[in-house]
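Chemist: Give me the fold of what follows.
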Amino acid sequence: MTTKIITENVQSLMRRKEITLEITHSKKATPKTEDVAKTVAEVTKADEKLIAVKEILNDYGSNLAKVKVYVYEDEKAKESIEKINKKKVIQAEIKAAHEAKKKAAEEAAKEAEAPKEEKVPEAPKEENK
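Modeler: Predicted structure coming up:
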């Protein structure tokens, strides 16, 4: 994949750079968002966590994609501007709760299977009168 920066605009109020790139991906599918973020991180020498890929445009049959990304100055700037995908957050919480339940059930099953020590009743002691 080769990249070429077309435009680079600094948006100081938003504390980010808006970059438009052309990415050539010969004989491959349109690059995924993660791949584009890695490529932009290499080109701009920025942290991958600070990059927000906005759009990847590719004409049918073409091996040239036009990409628009935002590179933020810090994580706080990115969090304050970028929308949080609530659906993904909720799905992650549900998955974590499901994993916790599954783990608890497995532990309970292991405890049930473990041989329990049988208590032998003690002989009653006779009282001296």
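Chemist: contacts, neighbours, all on C-alpha from now
Modeler: Will do.
Chemist: What is the three-state secondary structure of Ile56?
Modeler: The three-state label given to Ile56 by DSSP: H, G, I helix; E, B strand; the rest coil is strand.
Chemist: Got the domain ranges for the chain?
Modeler: Domain assignment for the chain, taken from automatic domain parsing, gives 2-81, 83-112.
Chemist: The ones you listed: lowest mean pLDDT?
Modeler: Of all the domains of the chain, the minimum mean pLDDT falls on domain 83-112 (a mean of 84).
Chemist: Just give me how far that domain sits from the chain centre.
Modeler: Domain 83-112 sits 16 Å away from the centroid of its parent chain (CA atoms, centre = their mean, to the nearest Å).
Chemist: in the protein, which spans are helices?
Modeler: Secondary structure of the chain by DSSP state H: the helices cover 33-44, 75-81, 86-113.
Chemist: Can you add mean neighbour count and give those helices back as JSON lines?
Modeler: Converted to JSON lines, the helices of the chain look like this (neighbours: other CA atoms under 10 Å):
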{"stretch": "helix 33-44", "mean neighbour count": "16"}
{"stretch": "helix 75-81", "mean neighbour count": "13"}
{"stretch": "helix 86-113", "mean neighbour count": "11"}
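Chemist: now those as a markdown table including distance to Glu55?
Modeler: Formatted as a markdown table, these follow (distance: least, CA to CA, whole Å):
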| stretch | distance to Glu55 |
| --- | --- |
| helix 33-44 | 9 |
| helix 75-81 | 17 |
| helix 86-113 | 19 |
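Chemist: Among the ones you listed, which comes closest to Gln11?
Modeler: Comparing the helices of the chain against Gln11 with CA to CA, the closest turns out to be helix 75-81 (11.7 Å).
Chemist: So what touches that closest one?
Modeler: Helix 75-81 is contacted from outside by 14-16, 49-50, 72, using CA atoms under 8 Å, 6 or more residues apart in numbering.
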